[in-house]
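>>> Predicted model and sequence below, questions to follow.
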Amino acid sequence: MNTPSNITLSKNKKQLTVTFDNTDYSMTSEYLRVYSPSAEVQGHGPGQETLQLNKQDVSIQTLTPMGNYAIAIHFSDGHTTGIYSWSYLYKLGSKRNELWQDYCNRVDDKNNSKNYHEVQI
């Protein structure tokens, strides 16, 4: 995977733009937080993912280089264990619309399931 040529954090710390091959991929802090590659979010295998909710107000506190292959992103909600490799950032950037829609669908499903159970009780 190519190394990004530029990484820019917006002044309000809510938008990260990563440039690969002269293409800018802008991602919100919420999006990056809910798709953190950490075991806390992804689990340790398929089906063990934990849906992250109420992250719309989270911001990025710091970006820390991890060798020549990744950055660690520290978020305002205390989450600090995600190490975003260049290939993972490229995937998040290039598939942003598809991944964000999937996340929104999973949140909707959870909310509809919760509402259904509340009505049934």
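Structure received.

>>> can you give me the helices for the chain?
Per DSSP state H, the chain has helices spanning 29-34, 39-42, 86-94, 96-120. These are given in chain order.

>>> what's the average pLDDT for the second one?
Model confidence over helix 39-42 averages 92 on the pLDDT scale.

>>> so where's the protein uncertain?
Within the chain, the set of residues satisfying pLDDT under 70 comprises 1, 114-121.

>>> Need the residue closest to the centroid of it.
Closest residue to the average C-alpha location of the chain: residue 32 at 2.1 Å, with C-alpha atoms, centre = their mean.

>>> That residue against residue 55, yeah?
No - with contacts counted by C-beta atoms under 8 Å, residue 32 stays clear of residue 55, the gap being 9.3 Å. C-beta here means a position set from N, CA and C on the backbone, and glycine is covered the same way.

>>> coming back round to it: need the contact list for the residue nearest to the centre of the chain.
The contact partners of residue 32, taken as C-beta atoms under 8 Å, 6 or more residues apart in numbering, are 16, 60, 73, 82, 84, 92.

>>> now do residue 12
Taking C-beta under 8 Å, 6+ apart as the criterion, residue 12 is in contact with residue 59.

>>> Tell me how many other residues crowd residue 31.
The burial count assigned to residue 31 is 18, neighbours taken as other C-beta atoms under 10 Å.

>>> The residue nearest to it when sequence neighbours are not counted and residue 6: what is the separation?
Ranked by C-beta to C-beta, 6 or more residues apart in numbering and with sequence neighbours excluded, the top spatial neighbour of residue 31 is residue 100, at 6.1 Å. Remark: distance between residue 100 and residue 6 (C-beta to C-beta, to the nearest Å) = 22 Å.
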